[in-house]
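Visitor: Any chance you can model this:
(chains A and B)
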2 protein chains.
Amino acid sequence: MPDTPPSPRTRLRRMHEKAAYDRATIHAVLDAMPLAHIGHLVQGAPVVTPTLQWRVDERVYWHGSSASRMIKAALAGPVCLTVSIVDAMVLARSGLEHSVNYRAVMAFGQPQALTDPAEKESALKAMMEQLFPGRWQELRPITAQELKATAVLSLPLSEASAKIDDGPPADPAEDIAHPVWAGTLPLATTPGTPRPAPDLAAALAADPPPYLTAFRWG
Amino acid sequence: MPDTPPSPRTRLRRMHEKAAYDRATIHAVLDAMPLAHIGHLVQGAPVVTPTLQWRVDERVYWHGSSASRMIKAALAGPVCLTVSIVDAMVLARSGLEHSVNYRAVMAFGQPQALTDPAEKESALKAMMEQLFPGRWQELRPITAQELKATAVLSLPLSEASAKIDDGPPADPAEDIAHPVWAGTLPLATTPGTPRPAPDLAAALAADPPPYLTAFRWG
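Guide: Take a look at the predicted model:
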């Protein structure tokens, strides 16, 4: 993680770790993981809320109730939006060389709210298309009242960076012979069997759409 | 998520959602998910960093390099530590009734650093025991220099709460007949096949310890 262990020993490990500012890397991390943690200032103190994010070009978006305290906080001051994916636990021969392989993006800035209803609808459609391609057009259409009650916020990716750590543990030479298992334990999130709503018509329940099995998280 | 959709329609859904302040619920969420996102104040703006947390009794712990900017920020002002587990995507008949089933904890307060080396070592051992029970005693022992270079921070759980959302989508009655698949898509993270370090002795590589397959994330 950005704040992993200390010690001169981590020099070796750091060779695997790269901070990246190129657009392709930042986009790939944001597009792989919908879950974001957003840090807001509330009465001078940080408050971190989880929410789903999506990206369109060089902006990252999220939404919430127009009346929400966090939406108001995000519009009143700077935020930090962080997306993290843990790919593996890294087990070394010493405690402090343990770490995780991960991909993360941090984006800083002052969020703005979309005001035009057509733009809001277009952004919400983009969110659905990223999660479940083709579903938006199947849904009961959004109403003007729903759009009004929904705030859609966005942040430019102008102050964003990615950090990626990968590879095996990086024990110093003198630790290699210590007789303990060392290596990585990969972690992956997969969608399980879809559970139809109890009130779903039998014909629909029998035919789950392909975007359910295609869903990816990380 | 704490900041999910708007609209009067969410009334139904809210019946599934509970804020919880009981210790058992807060403990269970923290114990299930090592990944935390910590919000710090850095020059008056929020910065959210991912890190691994662990719990001992009524405190939550994390660690980092003593020289780290985030450790210094955490000691200089209040933080918000948030742990989130997404259990399922919830697909409703309208866009804005979509949500996620999740478990989350937020803890607020002023972190403190452990100063006694024995206490620090004991806290780091507790971290390892939570992740990989029995591994600590197999490791190359920690050195005084490593302990010194490591900051161990903790926060009491006195200002903590949990939030849990579960159940099927809660479409209003007039939407139920809309012809689209609705229900939940469960998400679960599982450990894959352990990958021995390239420089691991063959005998150790052939015998991965049981805590690898027992590992849980969420």
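Visitor: how about stretch A:133-151, does it reach chain B?
Guide: Yes: judged by C-beta under 8 Å from any C-beta of the partner chain, stretch A:133-151 and chain B are in contact via A:Arg135, A:Trp136, A:Glu138, A:Leu139, A:Arg140, A:Pro141, A:Ile142, A:Gln145, A:Glu146, A:Ala149, A:Thr150, A:Ala151. Any C-beta I mention is one placed from the backbone N, CA and C, and that applies to glycine too.
Visitor: Report the contact partners of the nearest residue to A:Tyr102 once chain neighbours are set aside.
Guide: With sequence-adjacent residues excluded and distances taken as C-beta to C-beta, 6 or more residues apart in numbering or on different chains, A:Tyr102 is closest to A:Val86, at 5.1 Å. Taking C-beta atoms under 8 Å, 6 or more residues apart in numbering or on different chains, we find A:Val86 in contact with A:Val100, A:Asn101, A:Tyr102, A:Leu187, B:Leu35, B:Trp217.
Visitor: Pull the number of nearby residues for the residue nearest to A:Trp136 when sequence neighbours are not counted.
Guide: Nearest residue to A:Trp136, sequence neighbours excluded (C-beta to C-beta, 6+ apart): A:Met128, at 4.3 Å. When neighbours are counted by other C-beta atoms under 10 Å in any protein chain shown, A:Met128 registers 20.
Visitor: Now do the helix or strand hosting A:Met128: which elements does it pack against?
Guide: Counting by DSSP states H and E, the element that carries A:Met128 is helix A:117-131. Other elements packing on helix A:117-131 under the criterion 3 or more C-beta pairs under 8 Å, 6 or more residues apart in numbering or on different chains; DSSP states H and E are strand A:54-56, strand A:59-65, helix A:144-149, strand A:150-156.
Visitor: Pull out the buried positions in the very next helix or strand once past the second one.
Guide: Remark: after strand A:59-65, the chain's next helix or strand is helix A:69-76, criterion DSSP H and E. When burial is assessed from 16 or more other C-beta atoms under 10 Å in any protein chain shown, helix A:69-76 yields the following buried residues: A:Met70, A:Ile71, A:Ala73, A:Ala74.
Visitor: ok, now which ones touch the closest residue to A:Arg55 other than its chain neighbours?
Guide: Closest residue to A:Arg55 apart from its sequence neighbours, by C-beta to C-beta, 6+ apart: A:Leu30 at 4.6 Å. Contacts of A:Leu30 were listed using C-beta under 8 Å, 6+ apart, and they are A:Gln53, A:Trp54, A:Arg55, A:Val60, A:Val83, A:Val105.
Visitor: Select the longest strand from chain A.
Guide: strand A:79-91 (DSSP state E).
Visitor: Next, the angle from that strand to strand A:150-156.
Guide: Interaxial angle of strand A:79-91 relative to strand A:150-156 (axes from the mean of the first three to the mean of the last three C-alpha atoms, to 10 degrees): 70 degrees.
Visitor: and the end-to-end length of stretch A:102-115?
Guide: Counting by C-alpha to C-alpha, to the nearest Å, you get 36 Å between the two ends of stretch A:102-115.
Visitor: still on that earlier bit, can you tell me which of the residues of stretch A:133-151 next to chain B are buried?
Guide: Buried subset of those (neighbour count, 16+ other C-beta under 10 Å): A:Arg135, A:Trp136, A:Leu139, A:Arg140, A:Ile142, A:Glu146, A:Ala149, A:Thr150, A:Ala151.
Visitor: Show me which of those residues is closest to A:Pro209.
Guide: A:Arg135 (7.1 Å; C-beta to C-beta).
Visitor: For the closest residue to the closest one other than its chain neighbours, give me its contacts.
Guide: Closest residue to A:Arg135 apart from its sequence neighbours, by C-beta to C-beta, 6+ apart: A:Met128 at 5.6 Å. For A:Met128, the contact set (C-beta under 8 Å, 6+ apart) comprises A:Arg135, A:Trp136, A:Leu139, B:Gly95, B:His98.
Visitor: for A:Ala151, same thing?
Guide: A:His63, A:Gly64, A:Ser65, A:Ser66, A:Ser68, A:Ile71, A:Ala113, B:Pro6.
Visitor: Compute the distance between it and A:Val79, please.
Guide: The gap separating A:Ala151 from A:Val79 is 13 Å, by C-beta to C-beta, to the nearest Å.
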